[in-house]
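*Asks:* Got a predicted structure plus its sequence, pasted below:
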Amino acid sequence: MSKILNFSALLLLSTATLLTMYKETPAKPRPTTKDPKPSAVHTRDAAPDIAYTVSMSKPWTHLLEVEMRLKWPTAQKAVDVKMPVWTPGSYLIREYARHVQDFAARSGAAQLEWAKINKNTWRIDAKGSKEILLSYRVYSNELTVRTNELNDEHAFWNNGATLMFPAGQLAAASTVTVQPYGNWKIATGLPKVPGQTNTFRAQNFDVLYDSPFEVSNFTEITFNVHGKPHRVVISGEGNYDLRQIAKDIPKIVEEGYKVFGELPYDDYTFIVNLRGGGGLEHLNSTALQWNRWGFKPAGRYNGFLGLVAHEYFHLWNVKRIRPDALGPFDYENENYTKLLWVAEGMTSYYEGVLLRRAGLLSDSAFLQSKASAIEQLQARPGRFETSLEEASMDAWIKYYRQDENSINNQISYYDKGDIVSMMLDVTIRSASNGARSTDDVLRYLYNEFYKKGRNYTPTDFQKACELMAGKSLDDFFSKYVRGEAEIDYDGIVRGIGLTVNVTEPNRSRAYLGADLSEQDGRLTIRSVAAGTPAYDQGLNTGDQIVAIDGFRATQTFLQSYLGDKKPNDKVKLTIFRFDKLRDVTFTLGTDLRKDYGFSPVENPTPDQRRLYKDYLGGDL
Ligand SMILES: [Zn+2]
């Protein structure tokens with residue numbers, strides 16, 4: 001999944017579907033779902049033939065039409081089919097069943113009776129049939145990388161939000177036939193079934209649910225890297241330069257190849273929708289969303305490339321190098337892991353690393369982006385409340401449900417994970433005198449875990465890092481991964497000849513300390529960080545600041561008015577709280593946040609110079 005980076009780079013996710021991958025992965029016992037009346041009513045011995053048809057005859061209604069044909073060798077009494085409640089890569093229960101309507105079941109010409117038995121399960125009385133046909137429609141009017149949209153311009157859907165699975169049959173293969181609207185074209189990572197029109201095959205449900213579809217009159221470019229075909233499909237108009245994209249994305253692919261030494265897919269599809277934002281990783285594809293006018297100037301275009309690099313890198317880190325709980329997936333419950341900081345944070349780190357190595361980001365821009373990430377983390381009181389492992393576990397209830405208190409009680413496993421990944425990389429480089437890096441850690445996990453059909457645990461990850469560092473990293477992991485200690489940035493980056501400059505802000509400037517937003521002429525408090533004057537003097541999220549010392553408050557006015565004030569000056573704030581007007585005498589304070597930057601140490605040693613060059617390519 002992705003999120004937005006601070007230096008204008010966004011981020012992230014990616015995908016890939018591999019024919020070989022699931023063959024190599026031994027079947028791990030799947031978490032079973034608890035049906036009200038389990039085995040008695042199901043026949044789980046043989047997998048049915050499963051064939052879906054997805055149609056879109058009236059795109060303006062936003063209804064995708066689904067038919068699901070199930071065929072068994074033996075007669076069936078009752079059949080349960082289920083909708084996933086979430087989709088991998090986006091760790092929130094989304095209840096896709098809520099968009100299902102017009103469900104019907106039949107066998108030949110006969111209608112079959114059915115009943116909902118819980119929020120996402122339909123039980124059909126199959127009356128001894130060997131073949132049944134289910135039909136339903138899915139309301140699809142929300143464009144995000146993990147939901148569906150159908151309208152008169154295009155169809156984009158995730159199969160996990162669209163296609164039901166027969167209970168207990170997640171290992172079964174299936175086919176999907178798409179009936180496009182008009183002359184729309186089809187893009188997906190799923191392989192075509194030879195000889196059949198618009199029909200695709202998935203060898204199991206993890207692959208099926210991993211493969212989104214874009215169906216529209218998209219623009220497309222193709223290129224080969226190391227003999228593998230890549231396709232970029234862009235839906236919508238915008239200020240992108242197709243030729244530039246066709247030059248730059250292959251460079252990102254090449255840098256990913258260099259880390260792992262192979263491209264573990266038959267082909268790869270980048271699906272780009274020019275609305276919304278973010279990305280979602282898949283085994284051999286990715287869904288990306290970007291503002292249609294967000295390809296210029298260069299800084300914004302770099303943000304797009306960062307998103308591409310992030311999602312693409314995920315094809316290794318998370319889709320193949322899999323944390324303990326992330327695959328095979330349980331589609332009906334939360335899948336908890338302490339490793340999202342590696343899956344997402346380290347991918348965020350490599351997004352910048354790949355761009356830098358590809359020559360798409362300068363050394364100084366790379367370091368600047370890390371410095372501003374550090375600055376933001378250090379301004380977050382939540383860094384003392386939540387560790388990286390806790391933030392990973394609580395993604396399901398916190399990361400996707402940010403509120404005004406998040407700054408005070410949480411960190412992002414993306415942002416802190418990015419920084420800690422950099423610190424880990426530098427630590428391993430220093431400890432091994434430049435012989436090893438996090439590239440080696442990822443390559444090791446890829447070869448020793450993915451290729452041997454295993455997922456990795458937090459202990460496995462730490463051990464892999466220690467193997468490369470050639471020493472214990474328990475202190476590092478207990479402080480920065482399992483704990484909430486302040487990070488010794490300077491002590492770590494000195495290994496590669498850098499020092500961290502911490503600059504105090506102008507202490508003579510008056511400071512309010514609330515995060516404000518202005519909309520329709522209303523200036524409202526969005527959040528209040530602990531330890532600021534606003535926090536200590538009781539300003540609340542949601543308070544509307546109407547006036548200061550009797551003058552109407554706007555963002556611009558506030559800046560210039562407070563520019564003439566000093567810390568400890570008093571002002572009268574007139575605020576609406578819960579629709580009631582009140583005056584507050586407020587004592588202005590001092591901004592204690594600090595600025596961070598990297599610079600070379602004085603008189604670097606030859607080792608520091610060498611390690612710096614290994615890391616960043618340039619000279620100290
Ligand atoms: Zn991601």
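*Replies:* That came in fine, so what should we check first?
*Asks:* all contacts plus neighbour counts: C-alpha atoms, from now on.
*Replies:* Will do.
*Asks:* For the closest residue to the ion within the stretch 251-400 of the chain, which residues are in contact?
*Replies:* Closest approach between the stretch 251-400 of the chain and the ion, counting by C-alpha to the ion: residue 344, at 4.6 Å. Neighbouring residues of residue 344 by C-alpha atoms under 8 Å, 6 or more residues apart in numbering: 1, 2, 413, 414, 417.
*Asks:* just for the chain, where's the confidence low?
*Replies:* 3-45 (pLDDT under 70).
*Asks:* What is the longest helix of it by residue count?
*Replies:* helix 242-260 (DSSP state H).
*Asks:* What is it packed up against?
*Replies:* strand 219-225, helix 298-313, helix 347-357, helix 438-448 (3 or more C-alpha pairs under 8 Å, 6 or more residues apart in numbering; DSSP states H and E).
*Asks:* following the third one, which helix or strand comes up?
*Replies:* Using DSSP states H and E, the helix or strand that directly follows helix 347-357 along the chain is helix 363-378.
*Asks:* Is the ion within reach of the helix or strand just after that next one?
*Replies:* Per DSSP H and E, the first helix or strand lying C-terminal to helix 363-378 is helix 388-393. No: Helix 388-393 lies out of reach of the ion by C-alpha under 5 Å from the ion, never closer than 12.7 Å.
*Asks:* quick one: residue 387 and residue 484 touch, right?
*Replies:* Yes: with contact defined as C-alpha atoms under 8 Å, residue 387 counts as touching residue 484 (5.2 Å).
*Asks:* Look at the two and report which has more neighbours.
*Replies:* Ranked by neighbour count (other C-alpha atoms under 10 Å), residue 387 and residue 484 place residue 387 first, with 26 against 17.
*Asks:* does residue 65 count as helix, strand or coil?
*Replies:* The three-state label given to residue 65 by DSSP: H, G, I helix; E, B strand; the rest coil is strand.
*Asks:* List the residues that contact the closest residue in space to residue 101 that isn't next to it in sequence.
*Replies:* Leaving aside its sequence neighbours, residue 101 sits nearest to residue 137 (C-alpha to C-alpha, 6 or more residues apart in numbering; 5.3 Å). By C-alpha under 8 Å, 6+ apart, residue 137 lies in contact with 63, 64, 65, 66, 100, 101, 102, 103.
*Asks:* Tell me how many other residues crowd the third one.
*Replies:* Read that as residue 65. Using other C-alpha under 10 Å: residue 65 sits among 22 other residues.
*Asks:* now do the one 5 residues further on
*Replies:* Residue 70 sits with 20 neighbouring residues when counted by other C-alpha under 10 Å.
*Asks:* Quickly list what it is bridged to.
*Replies:* Counting by DSSP bridges, residue 70 is bridged to residue 50, residue 132.
*Asks:* Specify the angle between the longest helix of the chain and helix 298-313 in degrees.
*Replies:* For helix 242-260 against helix 298-313, the angle between stretch directions is 40 degrees (axes from the mean of the first three to the mean of the last three C-alpha atoms, to 10 degrees).
*Asks:* Mind checking what helix or strand follows helix 242-260 in sequence?
*Replies:* Counting by DSSP H and E, the next helix or strand C-terminal to helix 242-260 is strand 268-273.
*Asks:* Parallel or antiparallel, list what pairs with that next one.
*Replies:* Partners of strand 268-273 in the sheet, by DSSP bridges, are strand 228-235 (parallel), strand 285-289 (parallel).
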